[in-house]
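Enquirer: Have a look at this prediction, sequence included:
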Amino acid sequence: MTQLFIVDDARATPAEATSLPDSELREREHLQEWVITNPSVLGDDVLVITSEYNHWVAESDGVPARDRLDVLGLDEAGRLVVVELKRGVATRDIHLQAITYAALVSRFTLDTLAQAHAEFLTRRLDKPVTAEEGRSRIVDHVSDNLDPDVLKRPRLVLIASSFPKQVTSSVVWLSEMSLDISLVQVSLWRVADRLVADFSTIYPVPEVEEFTLAPERVKAGEVTKRIDQRARSKNIVQLLVESESIPSGTNLRIVPHGTTAEARKALEAWLDEDSARRVAIWTGESPKAIRWLGDDYTPTGVANDVLGQTTGSKGAIQGPAWFVLDDPTCPGDVDPEQWAEFQGKTLVEIAQALGLYLAAERRAPIIDRLLASDEPAEGQALTIVVPPLKRNVDSIRSWLAEDSSRVSATWRQDPDTQVIWAYDGQAWSMKRLASEILRLSLGVETNNVWGPNWFQVADGRTLSKIADI
């Protein structure tokens, strides 16, 4: 039980406990606004992306979901934060509502978030905000550190004046199943002529066993570990800025990287039209460490701007790999031999050479690496193969051999559906298509498939092999 006292020297007078309903405060107009204007309630470094979101994709019957997500945030580690609010006692299904929203937003991309954030800001600021501006705010917030796999693992925050035991027990069990979920209790007090709101996280707490009867929390999976690592780690730009290895004002040259050969040809041509487009300056400030054409950007911001102006699209890009040190004049406080060694190296390579960036610990997810590499290119032919499995491999291969279209696919530069299967002409993710082949050939339903091993290019290399180069 929480008690609040008004202290006057040696005298402590209990404050009057009240509630939002009793004080005629509403859920949307008041509680939701408090959270939006004070996102620290949701955790450290949370950017509110949108509120009252209801632009869901229509169901199979053509009817879109009508539910509204109260608040959607994004923390600095690039993890979505789904918030469900109740101004009084939480309903017995509040956690189920939050899980539904988490499932819906888990498929959001950076473009989806940018559009939602732009619409939110347009409402809040009462002036037009473009999706590009929304995208820029998001990229700045996560410092170019957005991981699609992390986006698929939102954390949930439930806020109410109190929670039924059914909810608390369910939340602890869900947490043990590696779902990141928190309970925040909001209390209201009347102090003199003013109201004071208190937001207290009541779960997770160290004394979980005292909170409800449940086993202790189990360790999270690999993606959750990655979230924790990303929250603690710093990106390449931050590391280089803090190391002071590159003085402010150093010249850099833009060299497109990680695109298809066709796209790179167009990018090179566009950059060569004006010599100023090739040149960038290191500002020494994080996250906007690049000054280009008079404005400050993150490295990925410049790369995406170049891509947008050239191809009209945005890509999964490792921005620092686009910038090569091109400044032969050695600064007075820098080792001349080291400076000469850095010439022609990308920011990524410089960070690696300095021991600041451990590639093995901070590698992008495999889909990101494939999308950002030179191959497979858009439309490139792939052959479906069956990797070693603890299953009836011969039966799978026999099923594939019955129709030549079953072993044929083409690559597409899409973070959600990377291959088109010739057999049905549909777009699939690598994992889902491998799972579908298992279902059709063996009647086995499983999601435990490593998709990149199932596809190879003409020279026999699998996509897993290509991504590891």
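Expert: Structure's in. What do you need? Quantities reported herein were computed from a predicted structural model and do not represent experimental measurements. Numbering: from 1, shown residues only.

Enquirer: When you work out contacts or count neighbours from here on, use the C-alpha atoms and nothing else.
Expert: OK.

Enquirer: So which bits of the biggest helix by length in the chain are buried?
Expert: Using DSSP state H, we find that the single longest helix of the chain is helix 110-125. Residues Leu110, Leu113, Ala114, Gln115, Ala116, His117, Ala118, Glu119, Phe120, Leu121 are the ones in helix 110-125 that count as buried (16 or more other Cα atoms under 10 Å).

Enquirer: From the contact counts, what lies against that helix?
Expert: In terms of contacts (3 or more Cα pairs under 8 Å, 6 or more residues apart in numbering; DSSP states H and E), helix 110-125 is packed against strand 46-53, helix 131-142.

Enquirer: Okay, angle between that helix and strand 46-53 too, please.
Expert: Orientation of helix 110-125 against strand 46-53 (axes from the mean of the first three to the mean of the last three Cα atoms, to 10 degrees) gives an angle of 80 degrees.

Enquirer: how about the helices of the stretch 101-250 of the chain, start to end?
Expert: For the stretch 101-250 of the chain, helices defined by DSSP state H, counting those that start in this stretch occupy the ranges 110-125, 131-142, 148-151, 165-176, 208-211, 222-232, 236-243.

Enquirer: closest to Ser19 out of the ones you listed?
Expert: Nearest of the helices of the stretch 101-250 of the chain to Ser19, taken as Cα to Cα: helix 165-176 at 20.0 Å.

Enquirer: export stretch 374-392 as PDB, just CAs?
Expert: In PDB, the C-alpha atoms belonging to stretch 374-392 read as follows (Å, rounded to 0.1, in the frame of the first residue of the first chain):
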ATOM      1  CA  ASP A 374      25.900  -6.700 -54.200                       C
ATOM      2  CA  GLU A 375      24.300 -10.100 -54.600                       C
ATOM      3  CA  PRO A 376      21.900 -11.600 -55.000                       C
ATOM      4  CA  ALA A 377      20.600  -8.700 -57.200                       C
ATOM      5  CA  GLU A 378      17.000  -7.900 -57.700                       C
ATOM      6  CA  GLY A 379      15.500 -10.600 -60.000                       C
ATOM      7  CA  GLN A 380      18.500 -12.900 -59.700                       C
ATOM      8  CA  ALA A 381      17.600 -16.600 -60.200                       C
ATOM      9  CA  LEU A 382      17.900 -18.900 -57.200                       C
ATOM     10  CA  THR A 383      17.700 -22.600 -56.900                       C
ATOM     11  CA  ILE A 384      15.900 -24.200 -54.000                       C
ATOM     12  CA  VAL A 385      18.000 -26.900 -52.300                       C
ATOM     13  CA  VAL A 386      17.500 -29.100 -49.300                       C
ATOM     14  CA  PRO A 387      20.100 -28.600 -46.600                       C
ATOM     15  CA  PRO A 388      21.000 -31.400 -44.100                       C
ATOM     16  CA  LEU A 389      17.900 -31.900 -41.900                       C
ATOM     17  CA  LYS A 390      16.800 -34.300 -39.200                       C
ATOM     18  CA  ARG A 391      13.900 -35.200 -41.600                       C
ATOM     19  CA  ASN A 392      13.300 -37.300 -44.600                       C
END
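
Enquirer: how far is that stretch from where the chain is centred?
Expert: On the basis of Cα atoms, centre = their mean, to the nearest Å, stretch 374-392 sits 26 Å off its chain's mean C-alpha point.

Enquirer: buried set for it?
Expert: For stretch 374-392, by 16+ other Cα under 10 Å, it's Asp374, Glu375, Pro376, Ala377, Glu378, Ala381, Leu382, Thr383, Ile384, Val385, Val386.

Enquirer: Lowest pLDDT pick from the residues you listed?
Expert: Minimum pLDDT for those is recorded at Asp374 (72).

Enquirer: Now that that one has come up, it's in contact with Ala263, right?
Expert: No. Applying Cα atoms under 8 Å, one finds Asp374 not in contact with Ala263, separated by 10.0 Å.

Enquirer: per-stretch mean pLDDT over the helices and strands packed on helix 110-125, give me the minimum one.
Expert: Looking at these, the bottom one is helix 131-142 with a mean of 86.

Enquirer: which residues sit against that helix?
Expert: With Cα atoms under 8 Å, 6 or more residues apart in numbering as the test, helix 131-142 has contacts from 47, 75-78, 110-111, 113-119, 145-146, 287-288, 298, 301.

Enquirer: do the same with stretch 78-85
Expert: Under the contact criterion Cα under 8 Å, 6+ apart, stretch 78-85 has outside partners 27, 31-32, 42, 69-75, 94, 97-98, 101-102, 142, 145-147, 150-151, 153-160, 227.

Enquirer: List buried members of the residues you listed by neighbour count.
Expert: 27, 31-32, 42, 69-75, 94, 98, 101-102, 142, 145-147, 150-151, 153-160, 227.

Enquirer: What's opposite Phe455 in the beta bridge?
Expert: Taking DSSP bridges as the rule, Phe455 bridges to Ile384.

Enquirer: and Leu151, what is it in contact with?
Expert: Leu151 neighbours (Cα under 8 Å, 6+ apart): Gly78, Arg79, Leu80, Ser106, Arg107, Phe108, Thr109.

Enquirer: Among the residues you listed, which ones are in strands?
Expert: Among these, the members falling in strands (DSSP state E) are Leu80.

Enquirer: closest to Gly443 among the contacts of Leu151?
Expert: Arg107 (26.9 Å).

Enquirer: doesn't Lys152 make contact with that closest one?
Expert: Yes. Arg107 lies in contact with Lys152 (Cα under 8 Å); the separation is 6.4 Å.

Enquirer: Give me the more crowded residue out of these two.
Expert: Shown here are Arg107 and Lys152; by other Cα atoms under 10 Å, Lys152 has more neighbours (19 against 14).

Enquirer: residues near Gly425, how many?
Expert: By other Cα under 10 Å, 12 other residues sit near Gly425.

Enquirer: And it, how close does it get to Pro328?
Expert: As defined by Cα to Cα, to the nearest Å, Gly425 lies at a distance of 53 Å from Pro328.

Enquirer: And for Gln352?
Expert: Relative to Pro328, Gln352 is positioned 20 Å away (Cα to Cα).

Enquirer: swap in Val334?
Expert: 12 Å.
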